[in-house]
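what shape does this take:
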Amino acid sequence: MRAEVLTERFFTALISGNRTATRDLLDEVIDSGAPAEKIMDKLFWPTLEHIQKLYRADQLSDLCHHYATRMMRMLSDQMQLRMEQAKRRDKSVLVVSGPEESEELGAQFTADLLEADGYDVYFVGGGVANDEIVNQIGELNVDILVVFGAVPSTVPFTRLLIDRLHTIGVCPKVQIAVGGGVFNRAEGLAEEIGADLWANTPTELVKVLDKKPDRRMTPAQRTVGRKRRASRSAAAAA
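Got it, this is the predicted structure:
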């Protein structure tokens, strides 16, 4: 079956709240031999992006959006159990997101894929204050922080989080990666806020973390917090 047709069938079943039809379709895909990671990448993620796009444009009702996102969360929980687990990397990742349901879903996809790829994952989701996140990064001494965002309101939260991490020096070697719709739509945004790595999809984010484990933005490359640091330096000089 063509991917476009499959995605459309999946989308229609989700927004109609038809749990049986949704499960039956997913069973078809699993029975065809598709691995769980490919299902997440080629079916779940494109469908979620389509749902997000329609909902942001007021072309999808709250009811349909709730049907779809709740069902996808349940299915992704089941799909995670089907993923083949790689050898542990002895590297830890804290995954956070914006507060919206769709952002948490994207972050959950990312967390599941990272865990299957061998990382020790702590999945926070959204709605947690930056101070608590910073404290947790310090307590766990994580190697990587992943922030997943789909809407513009997540950008200031991410900017302040990165700024605070660099200002107070918690886990100075932590690598910061961002992903999701809001970072995809604005070219250069990830670099501007000081992220070390960025990617369009959960699968791409896992790949870029694997390929570039040592990449870090230098202080000169970070624009986030630059004016504040400049003001402090000027005040100290005076």
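
and Arg222, what's its pLDDT?
Per-residue pLDDT puts Arg222 at 61.

hang on, I meant Asp77
Turning to Asp77, the model gives it a pLDDT of 93.

again, but for Leu165
The model reports Leu165 with a pLDDT of 87.

and it, what does it touch?
With contacts defined as CB atoms under 8 Å, 6 or more residues apart in numbering, Leu165 is in contact with Val134, Ile137, Leu145, Cys171, Val174, Ile176. Using the backbone N, CA and C atoms, a C-beta is placed for each residue, glycine as well.

for Leu6, phi and psi?
The main-chain torsion angles of Leu6 are listed as degrees, to the nearest 10 and equal phi -60, psi -40.

what is the burial count for it?
Other residues near Leu6 come to 19 when the count uses other CB atoms under 10 Å.

ok, Val174 next?
So Val174, with other CB under 10 Å, has 20 neighbours.

for the closest residue to it other than its chain neighbours, name its beta-bridge partners.
Spatially, and ignoring its direct neighbours in sequence, Val174 is nearest to Leu145 (5.6 Å; CB to CB, 6 or more residues apart in numbering). Judged by DSSP bridges, the bridge partners of Leu145 are Leu94, Ile176.

quick one on the thing from earlier: nearest to Ser16, of the contacts of Leu165?
Distance from Ser16 was checked for each of the contacts of Leu165 by CB to CB. The minimum falls on Leu145, at 37.3 Å.

contacting residues around Phe157?
Residues in contact with Phe157 (CB under 8 Å, 6+ apart) are Gly98, Asn130, Gly149.

for the protein, give me the ranges with low pLDDT.
Low-confidence segments of the chain (pLDDT under 70): 1, 150, 184-187, 219-238.

in terms of secondary structure, what does the longest helix belonging to it contact?
Here the longest helix in the chain is taken by residue count, with DSSP state H as the criterion, and it is helix 62-80. Judged by 3 or more CB pairs under 8 Å, 6 or more residues apart in numbering; DSSP states H and E, the packing partners of helix 62-80 are helix 3-15, helix 19-31, helix 36-39, helix 45-56, helix 101-116.
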